[in-house]
Structures are given as structure tokens and as C-alpha cells.
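Asks: Dropping a prediction and its sequence here:
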Amino acid sequence: MINKILAYFPDSVTHESIPSNPSPAYYWFTETEDKPLWISIPKQNISESQLELMKNLFHFLELENNTPLTGAAHSWNEFLFHDGSLPVAESEEVRFIQFQLQSSDMGTEEIHEALNGFFPDHTIIWVKEFYGIIIEEKKKVSENAEELYSISSTFESDFYVKISFYIGKFQKVSTQLPHFFDREKQVFEELTRHTTRDVVYTFEKAFPMLLATHLPDYLKGILDVTFLEAFGEDKELMATIKVFLESNSNASLSAKKLYVHRNTLQYRLDKFMEKTSVNLKDFDAAVVVYLSSLYEEMR
């Protein structure tokens, strides 16, 4: 596989081991983390779509952020990652909004400046080249998902950079906070590894998605010959059922989201229920069908 990549990217270079200070001018990949052979590809030689494909095929090394941190950002970085002392905070509770950017042609300083402009009242830590944390102290008005969707849309339309967010839970500022953050960080890492279907996530949205990706094989086998067999090649039917359940089984809202007449929506719902003998108004059944659609979408 590596030889094929070298042929496709002739300016790339292989390494027996990762250098102690890998050049930020290259993207670094290896087949598995425990294999010694690494390949570095010049950033200017690889498109965004090629980079995403390489990330799916190989282990991608995201470089640590080398920009010196000062003030509150330095204090929080030491506290979260290096067993530092408790940072000073005006509020008793904070939460972490993690963000992940795809590669872009924008300079690092431009991206930092843009994010600081969107979050002037929060502390921002750049942990890696494309990953960071926004530390939000609890106040009367907090950032909400709609605002983050708007920011993500602005990044994509104005800067041609896709950015996704994970909104964490507010927690008391205590010595246990780094352990809680580690768990939230793992959730976001799992999400970005398995899906790009959305740009703003919460634990409530992430939980069923992660459940769907960790189903045991015997449950997957049952889904394959029941609900997923009913969907078959009809992706439109699956999308309809999924939107209907995500809309709290509200037919009018679902039809509006799908841009179809309510009668068309009802026809598709009846078609699915006839195939599976499942009543979507039953809560337990709706949960299983929804997890089935997520499993099919993310595998």
C-alpha cells in the first residue's frame, strides 16, 4: 500500500521512525501506530479530498501545537494536560467546547484570529494543528448550538474551512475536571473518526451515534436481516424514517424538513411499518429503528 502511495505522491518520503520534530510542512501517515514505516507528504501536493481519503486509509499524525501559550490559556493547558495547579476562574463552573478543523490553505495566524473574534470572552487553547478547546465559564447567557452552527457556516463560506464542535457539560472547577475532560475528549475523537454527518455535537446527540458504532456482532446480525433488510437499497425510505424520528415523530415538521407532502411522508411510514410489522409510535421500537439507521449510516 505504501508503495502505491509513493507512486501517487512522488514527492513524498518514507521514514523508519517518526522524527522527534516532524516538519509542519508535511502530512504524516503510517499504516498502523505500531508499524515503524512512516510516510510524509508535502501539504501543497495533496488536496482536501485526498487528505480525507488518506486519513481513512492510514493512521494520521496530527502535530502538536508549537505556539507558545500565555496567561489563562497556559494555566488551563498545564492543568488539563500536565497535572498543573487549579486555574483561577471567575465562575464556579466551566465547560469545554472542543473544535476540529479540516485542513485548509489559511495560515495558522488567520485561523487563530478568526476564532478569537468569534469567542472574545473565552479562553482558547490550540492543542494540535487542527484541534483545540474553548473554555467557557458559566454565565447567564451561554453559547448555544445555533450560534455554533452559524460560526461553522461562516468558516465554510468565508474561509473555505470546515469546523466541527462538541459542546461539553458544565462542571465545577475542581481537581476532577481533567478526568471529566478526558472522557469528553474521547467522545469527540470517536465521533470525528466515525462520522462527518454534522458539525455541532452534544452528548445527547453523540450517545446514540456511539452506541450504534459499538453494537456487538450478534445484534448487528439481527439488524441486518430485519430493519436494514426492509430499507434495502431504498436510502430515501431510511432517510425518511430517520428524519421522522429525529423530529419527535412530528409528521408536519418531518414533511417540511424533507420537502415532501404530508401524504407522501405517511405513505413511506406505512410502507416501512408494513415491511417490518413495527409500530413507530411505540417508543421502544422507535429507539431500535433509530439506532439501526445510525448503524447503517456510520458503518
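Replies: All right, it came through fine. Residues are numbered from 1 along each chain as shown.

Asks: if you skip the residues just before and after it, what's nearest to Ile124?
Replies: Closest residue to Ile124 apart from its sequence neighbours, by CB to CB, 6 or more residues apart in numbering: Ile134 at 5.4 Å. Where you see a C-beta, it was placed from the backbone N, CA and C, and this is true even at glycine.

Asks: OK, contacts around that neighbour?
Replies: Contacts for Ile134 (CB atoms under 8 Å, 6 or more residues apart in numbering) come out as Phe96, Ile97, Gln98, Phe99, Leu115, Phe119, His122, Thr123, Ile124.

Asks: does it sit in a helix, a strand or a coil?
Replies: Secondary structure for Ile134, judged by DSSP: H, G, I helix; E, B strand; the rest coil, is strand.

Asks: separation between it and Ala73?
Replies: The spacing between Ile134 and Ala73, counted by CB to CB, to the nearest Å, is 11 Å.

Asks: who touches both of the two?
Replies: Counting by CB under 8 Å, 6+ apart, the shared contacts of Ile134 and Ala73 are Thr123, Ile124.

Asks: one step back: which members of the contacts of Ile134 are positioned in helices?
Replies: Leu115 (DSSP state H).

Asks: Out of the contacts of Ile134, which two are the most distant from each other?
Replies: Phe96 and Leu115 (14.5 Å; CB to CB).

Asks: show me where this structure has strands.
Replies: Counting by DSSP state E, the segments of the chain that form strands are 13-15, 26-30, 38-42, 59-61, 93-101, 123-126, 131-137, 163-167, 171-172, 200-201.

Asks: where do the helices sit along the chain?
Replies: Assigned by DSSP H, the helices in the chain fall at 2-8, 48-57, 71-81, 108-118, 145-158, 177-194, 203-213, 217-224, 227-231, 235-246, 251-258, 262-276, 283-298.

Asks: So which of those helices is nearest Phe165?
Replies: Closest among the helices of the chain, using CB to CB: helix 145-158, at 4.7 Å.

Asks: about what we covered before: neighbour count: Phe96 and Leu115, which is higher?
Replies: Taking other CB atoms under 10 Å, Phe96 and Leu115 do not tie; Phe96 has more neighbours (23 against 20).

Asks: Which residue is the nearest non-sequential neighbour of that one?
Replies: Gly168 (4.3 Å).

Asks: try Ser12
Replies: Distances taken as CB to CB, 6+ apart place Ile41 nearest to Ser12, at 4.4 Å, with adjacent residues excluded.

Asks: I'd like to know how far the one you found sits from His261.
Replies: Distance of Ile41 to His261, computed by CB to CB: 49 Å.

Asks: Of those two, which one has the most company?
Replies: Applying other CB under 10 Å to Ile41 and His261 shows that Ile41 carries more neighbours, namely 21 against 10.
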